[in-house]
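S.K.: Build me a model:
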Amino acid sequence: MAIIYTGKQRYLCRGCGRQFVENPTKKVINTPMRKLIDRLLLERLSMAGIARAVQVSEQWR
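M.R.: Next comes the predicted model:
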């Protein structure tokens, strides 16, 4: 049994072999949001400022 840093169990798909958590608490950043963040990074804005503006954590990547 493998446990991740949040204390939840990690599972392994028997079909494809991919690992997953049954009820994840992290939210997924969708493609339009990623594109916006990439554009803001190209404008040389700080990661902390971008994270506050688009309401994501700084470790989103």
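
S.K.: Which strands or helices does the worst-scoring helix or strand of the chain on mean pLDDT pack on?
M.R.: When the helices and strands of the chain are scored by mean pLDDT, DSSP states H and E, strand 2-3 comes last with a mean of 78. In this structure, strand 2-3 makes packing contacts with strand 9-12, judged by 3 or more Cβ pairs under 8 Å, 6 or more residues apart in numbering; DSSP states H and E. Heads up, the C-betas are built off the backbone N, CA and C, glycines and all.

S.K.: mind checking how far the helix or strand following the strand it packs on is from the chain centre?
M.R.: Counting by DSSP states H and E, the next helix or strand C-terminal to strand 9-12 is strand 19-21. Mean C-alpha position of strand 19-21 versus that of the full chain (Cα atoms, centre = their mean, to the nearest Å) differs by 14 Å.

S.K.: Checking N23 next. Helix, strand or coil?
M.R.: coil (DSSP: H, G, I helix; E, B strand; the rest coil).

S.K.: Could I get the contacting residues of the closest residue to it other than its chain neighbours?
M.R.: Spatial nearest neighbour of N23, chain neighbours left out: K8 (7.5 Å); criterion: Cβ to Cβ, 6 or more residues apart in numbering. Counting by Cβ atoms under 8 Å, 6 or more residues apart in numbering, K8 touches V21, E22, N23.

S.K.: Good, wrapping up.
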